[in-house]
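J.: the sequence isn't on hand, but the structure is:
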């Protein structure tokens, strides 16, 4: 296992505008190494934009995003390689097999031993039995596992997941929750956007609620999960009334 | 040449996809056939105009 510097994500006054619409509005966040954070909020609250901005896919209109102290705007491939992203859509090639998809991305990541990395990731995610099947023939839950395997190919220190539970049945969702728990090690940051407050209370150790692009609530999830859930629902009701 | 390896991986992936789906071969093949048929009717095949048209085609 390669050595890494202490890692943390720092957002300072981050604003992202799409024309006149502010998706993120002066967001300040400190996410230390070992965090397992749930990001929640109503549709259009800025959750996906927050993830995209941290991943370096979206450039903030103003403010700064730093990972391990390095500004994302100036991040080179080595810093970007610390990040693994599972987007809302799995973005897999439906006509390629699972193995072909994984090998392609291992190649793009520039891994020294792509074949071994594919084997490791697929074993970890339990997708080894479907390696030779085309993605188009897989269920939504299995596709999601393959997308996670792809994100873990290069053993990222920051894992960003955008609504990974969408379209999963209860069994697949429970299995994903277990997996996220397992992945949330003290060396890694796991950031997941969610809609289900019960799920947010079950695994993550911190809750960030966005409302209109601003951080409306940022709290550790401890024994007070019922209070936190109630506060969150209250914020959602306010949002609906607005 | 840090772009070369990703470019090769992309080309490999696109070729593999094409081998499976034949999407591009089918659509480009049809386009080529269409151009050849249109050109064969549009351009003179003999006489004085032939040389004049050749330059334009090239």
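T.: Yep, it's here. Predicted, not measured: the structure shown is a model, and the values here were computed from it.
J.: contacts and neighbour counts: CA atoms only from here.
T.: Fine.
J.: just give me the neighbour total for the residue in chain A positioned nearest to chain B.
T.: Across chain A, the shortest distance to chain B (Cα to the nearest Cα) belongs to residue A:108, at 5.3 Å. As a burial measure, residue A:108 scores 16 neighbours (other Cα atoms under 10 Å in any protein chain shown).
J.: list the contacts for the closest residue to it other than its chain neighbours?
T.: Nearest non-adjacent residue to residue A:108, counting by Cα to Cα, 6 or more residues apart in numbering or on different chains: residue B:6, 5.3 Å away. When contacts are counted by Cα atoms under 8 Å, 6 or more residues apart in numbering or on different chains, residue B:6 touches A:107-108, A:110.
J.: next up, the contacts around the residue of chain A closest to chain B.
T.: B:5-6, B:9.
J.: can you pull out the helices in chain B?
T.: In chain B, the helices defined using DSSP state H lie at B:4-21, B:23-42, B:49-57.
J.: deepest-packed of the ones you listed, please.
T.: Each of the helices of chain B was scored by mean neighbour count; the highest is helix B:4-21, a mean of 14, by mean count of other Cα atoms under 10 Å in any protein chain shown.
J.: ok, the closest residue to chain A within chain B to residue B:20 distance?
T.: In chain B, the residue that lies nearest chain A is residue B:6 (5.3 Å; Cα to the nearest Cα). Residue B:6 sits 21 Å away from residue B:20, taking Cα to Cα, to the nearest Å as the criterion.
J.: check residue A:74 too.
T.: In terms of Cα to Cα, residue A:74 sits 39 Å off from residue B:20.
J.: do residue A:18 as well
T.: Residue A:18 is 39 Å from residue B:20, by Cα to Cα.
J.: which bits of chain B sit near chain A?
T.: Residues of chain B lying close to chain A by Cα under 8 Å from any Cα of the partner chain are B:5-6, B:9-10, B:13, B:16-17, B:20-21.
J.: 7 Å instead?
T.: B:6, B:9, B:13, B:17 (Cα under 7 Å from any Cα of the partner chain).
J.: by pLDDT, give me the weakest of these.
T.: pLDDT is lowest at residue B:6 among the residues of chain B next to chain A; the value there is 90.
J.: the helices in chain A, which residues?
T.: Using DSSP H, helices in chain A cover A:47-55, A:77-80, A:98-108, A:114-125, A:140-152, A:170-183, A:197-202, A:225-241.
J.: in CSV: these, plus mean pLDDT.
T.: CSV is the format used below for the helices of chain A (pLDDT from 0 to 100):
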stretch, mean pLDDT
helix A:47-55, 94
helix A:77-80, 83
helix A:98-108, 95
helix A:114-125, 93
helix A:140-152, 92
helix A:170-183, 88
helix A:197-202, 85
helix A:225-241, 81
